[in-house]
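**Q** Provided below for reference: sequence and predicted model.
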Amino acid sequence: MDTALLIDDVRLTPILIADPPLLNTQGVHQPYTPRLVVEVVTRGGVTGVGETYGDGTYLELAEPLARALPGRPVSDVNGLFALAEEVCGAARTADERVDAGGLRGVQNADKLRLSVISGFEVACLDALGKTLGLPVHALLGGKVRDRVEYSAYLFYRWAAHPAAGELDDWGAALDPAGVVAQARRFARDHGFTSFKLKGGVFPPDQEIAAVRALAEAFPGQPLRLDPNGAWSVETSLRVAEELKGVLEYLEDPASGTEAMARVSAGTDLPLATNMCVTTLAELPEAFARDAVQIVLSDHHYWGGLHRTRELAAICGAFGVGLSMHSNTHLGVSLAAMTHVAATVPGLGHACDSHYPWQTEDILTTRHTFEDGHLTVSDAPGLGVELDRDRLAALHRRWLDDDGTLRSRDDAAAMRQADPGWVAPAVPRW
Ligand SMILES: O=C([O-])C(=O)C[C@H](O)[C@@H](O)C(=O)[O-]
Ligand SMILES: [Mg+2]
């Protein structure tokens, strides 16, 4: 073993990043959302970077893993899983419920640990790639495309956060005209040609009207609607009937495999999910019952880039499509998503990304979309460079926070505007 590949140090930097007042069925995004930046430094003096969810639970699991890594080879990404099982211990909130903040599907101990590992795996791959002079996609077997397509991620939103004021110049979008205006700006600025609307915010008829307005403004272009499981089976089937021929797919109309299977049985509109299939354990039943036709993988949930490729192979074997989900993230995760997406042959849909909503990043150069695509980097590692001053500033914000924002809680953020708000039970409609 080349000692230059041995890990010398691991740095964890929790940060808070600005996030606009984007609405979803649980509430509204907080003005700042937590992320965790993982840096792995090798004895050869190379630093690799990864990014993952930064809520307190994730941070607690990341700390023992960071302490256990020095002395191990940066190339041993498969070893991360056994090591994490050994050292991480149980997560505080591993209670199988859908999480309270970020609509990430079930929370269980395995999934939390995998989400933490993903940040370390990406950092190791970045360091390994930089050491070998190879891009991350080459470490995954090589790219099968030079560009990865992303969709515009449309949200109902307010102009400003109730307590923190205005952080950007987008203004409010609370009706079909506002949604179409937002989509036009995304298309103009980034060239996106497919559009996803985050639903579950208003009664379904209002969201159907917004999708119809999008279809009129962007004829023939792919559209999706994602109410994050807020509808009953009956409502889901009614919306599917109204929007068949208009939507490319309907995303998580109802909650859980049982309900999704019943919706799927009653419509030809493909169903996608980033909520009912987020772990291997959920997959056999969902596939056997044909509950979903497209899995929106999130490399964080699934334990990194290699595991995402394994998921792609499983989906392929069952004739289930694969695309990518996104939660609020920065450019390190976007680079990781782009590398793995570049290596997956059957990627039949534009990937999601929140990135255009993020006014802050920790990179010296922001990613830029052209015609809705990102060019896959051939530079060593991820092909990104950390802006240490920005990282320090966003960490300072995390340090200065009294703990209120260190774990994402969209219902709590909503109570700033509506003190009586509680995250609605599902089905909401
Ligand atoms: O596709 C999804 O379900 C998501 O992206 C989940 C996110 O939490 C989204 O709903 C959000 O950021 O409000
Ligand atoms: Mg979704």
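**A** Arrived safely, thanks for sending. Ligands and ions are numbered 1, 2, ... in the order given.

**Q** How many neighbouring residues does the closest residue to residue 138 other than its chain neighbours have?
**A** Once flanking residues are discounted, residue 138 sits nearest to residue 129: 7.2 Å by CB to CB, 6 or more residues apart in numbering. Backbone N, C-alpha and C define where each C-beta goes, glycine included. Using other CB atoms under 10 Å, residue 129 has 25 other residues around it.

**Q** element containing residue 129, please.
**A** Take DSSP states H and E as the rule and residue 129 turns out to sit in helix 109-132.

**Q** Is any residue of that helix near ligand 1?
**A** No - for helix 109-132 and ligand 1, the contact criterion (CB under 6 Å from any ligand atom) is not met; the two come no nearer than 13.4 Å.

**Q** quick revisit: isn't the residue nearest to residue 138 up against residue 377?
**A** No - in this structure residue 129 lies outside contact range of residue 377 using CB atoms under 8 Å: 10.1 Å.

**Q** quick one: contacts for the closest residue to residue 346 other than its chain neighbours?
**A** Taking CB to CB, 6+ apart as the measure, residue 346 lies nearest to residue 316, with 5.7 Å between them; neighbours along the chain are not counted. Residue 316 makes contact with 322, 345, 346 under the criterion CB atoms under 8 Å, 6 or more residues apart in numbering.

**Q** Return the distance of the first one relative to ligand 2.
**A** Distance of residue 322 to ligand 2, computed by CB to the ion, to the nearest Å: 14 Å.

**Q** wait, is that residue part of a strand?
**A** Yes - using DSSP: H, G, I helix; E, B strand; the rest coil, the secondary structure at residue 322 is a strand.

**Q** now check the host helix or strand of residue 50, is it near ligand 1?
**A** Remark: residue 50 resides in strand 47-53, with elements defined by DSSP H and E. No - contact between strand 47-53 and ligand 1 is absent, the nearest approach being 10.7 Å (criterion: CB under 6 Å from any ligand atom).

**Q** For residue 185, see how far away residue 145 is.
**A** 27 Å (CB to CB, to the nearest Å).

**Q** can you check residue 133 too?
**A** 39 Å.

**Q** again with residue 119
**A** Distance of residue 119 to residue 185, given as CB to CB: 31 Å.

**Q** Next: residue 359.
**A** Between residue 359 and residue 185 the distance, using CB to CB, works out to 14 Å.

**Q** thinking again about what came up before, quick one: name whatever helix or strand follows the helix holding residue 129.
**A** The next secondary structure element downstream of helix 109-132 (using DSSP H and E) turns out to be helix 136-139.

**Q** Point out the other helices and strands that that following helix packs with.
**A** Using 3 or more CB pairs under 8 Å, 6 or more residues apart in numbering; DSSP states H and E as the contact criterion, the secondary-structure elements in contact with helix 136-139 are helix 109-132, helix 331-343.

**Q** for ligand 1, what are the nearby residues on the stretch 151-300 of the chain?
**A** By CB under 6 Å from any ligand atom, the residues of the stretch 151-300 of the chain that approach ligand 1 are 198, 226, 228, 274.

**Q** now the helices and strands packed on helix 136-139 in TSV, with mean pLDDT and distance to ligand 2?
**A** Formatted as TSV, these follow (pLDDT from 0 to 100; distance: least, CB to the ion, whole Å):
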stretch	mean pLDDT	distance to ligand 2
helix 109-132	96	16
helix 331-343	98	15
